[in-house]
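Undergrad: Test case, fold it:
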Amino acid sequence: MLKILKYENVKRFFVFLLCFSFLGLSKISTTKANAIVSQPVKIITVGSAVLVHDYGSSADWSITNAHMANTGDTYDLTTNNVYIKDATNGAFYEGYACVDGESVGYTGRTTSNVYLYSFATSGTIWTRGFIIRNLASGTHTIQIKYTRLGTTTMYTDTIYVNVP
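TA: From the prediction side, this is the model:
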């Protein structure tokens, strides 16, 4: 067996096989990550947010009644604060959230109406969780809007929420 492994061609074959295996695995994992977000901008989770404690410059929130979101669907909330988690596939400028056609703030930072809850990245997939605060009772249209870097094309995703 050792005499067979000493031949240069056999050694090269095993090195080639090893490299090919790693390249194949990396391609599979990249494809799987990109399959999470098939469109450039997507709302992936919606739920109710409960303010646990306000520290002034930061706050603790509890997310309840969370659902995987589908474009155009309507979701019933249990509070007047809505939790949205969105995902973008690729490089985008900072996005913003709209309620009933009016901008309420950027998705990537905390403002008076929008609280940045979480942020993560995996390869080309960027996710942001944010809370839109103090919605009035009734049905609202929630949109997220992003512009891809280097273009003027606006990408949006829309859901509807019922606030008690």
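
Undergrad: where do the strands sit along this protein?
TA: 41-54, 59-68, 74-76, 82-89, 96-99, 102-106, 114-122, 125-132, 138-147, 154-163 (DSSP state E).

Undergrad: and the ones you listed, which is most packed in?
TA: Most buried of those by mean neighbour count (mean count of other C-beta atoms under 10 Å) is strand 82-89; its value is a mean of 23. Every residue, glycine included, has its C-beta placed from N, CA and C.

Undergrad: And that one, how far out from the chain middle?
TA: In terms of C-alpha atoms, centre = their mean, to the nearest Å, the centre of strand 82-89 is found 5 Å from the chain centre.

Undergrad: List the neighbouring strands of that strand plus their orientation.
TA: Here strand 82-89 has these sheet partners by DSSP bridges: strand 41-54 (antiparallel), strand 125-132 (antiparallel).

Undergrad: Residue 119 and residue 128 touch, don't they?
TA: Yes - if you go by C-beta atoms under 8 Å, residue 119 and residue 128 touch, sitting 5.3 Å apart.

Undergrad: overlap in contacts of those two?
TA: Common contacts of residue 119 and residue 128 (C-beta atoms under 8 Å, 6 or more residues apart in numbering): residue 108.

Undergrad: Ends of stretch 130-145, what's the gap?
TA: Stretch 130-145 has an end-to-end distance of 14 Å (criterion: C-alpha to C-alpha, to the nearest Å).

Undergrad: Report the rounded mean pLDDT for that stretch.
TA: Stretch 130-145 shows a mean pLDDT of 96.

Undergrad: pretty sure residue 88 is touching residue 122, no?
TA: No - counting by C-beta under 8 Å, residue 88 does not reach residue 122; the two are 11.8 Å apart.

Undergrad: Output the below-cut-off pLDDT ranges for the protein.
TA: Residue ranges of the chain with pLDDT under 70: 1-38.
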